[in-house]
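Undergrad: the following block contains a protein sequence and its predicted model.
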Amino acid sequence: MWELNGAGDPAAIWVDHRDSGSRRRASHAIDAGFASGTWVVRLTLPEQLGEVTDAMHPAFIAMGLADAKRRVDAKLDEAVALCRERELSWEKIASALGVTRQAAWRKYSTGR
């Protein structure tokens, strides 16, 4: 399974829309007009993973989800840093994240 193209290297599976030229994929417009491009995460899985057929190995699902989580976590780190740069309080950031102020500070403060 790991010898398949892209397996073991999630970066080989992901499409960087900045390099797509037309900025359209799967009939969904993805260009929001940002100078740097648009960051898109899209996963299509059945609600119940037990519905996945033998055609898709469950390890590929786990690999894709783990890589998506890393990418989303990194983007969330950037978003919280931007909030702090723009002088939002830890209370407001925590509210946006759905956690306590202390939990947000512990996870995202630069002095951690």
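TA: Arrived safely. Given the structure is predicted, the values throughout are model-derived calculations rather than measurements.

Undergrad: my guess is residue 70 is in a helix, correct?
TA: Yes: with DSSP: H, G, I helix; E, B strand; the rest coil as the criterion, residue 70 is assigned to a helix.

Undergrad: how much space is there between it and residue 59?
TA: Remark: distance between residue 70 and residue 59 (Cβ to Cβ, to the nearest Å) = 16 Å. (C-beta placed from N, C-alpha, C; glycine too.)

Undergrad: who's the closest spatial neighbour of the one residue sitting closest to the centre of the chain, skipping the chain neighbours?
TA: Nearest residue to the geometric centre of the chain (Cα atoms, centre = their mean): residue 72, 2.8 Å. Spatial nearest neighbour of residue 72, chain neighbours left out: residue 41 (6.2 Å); criterion: Cβ to Cβ, 6 or more residues apart in numbering.

Undergrad: residue 74 is in contact with that neighbour, correct?
TA: No: contact between residue 41 and residue 74 fails when scored by Cβ atoms under 8 Å: they sit 11.2 Å apart.
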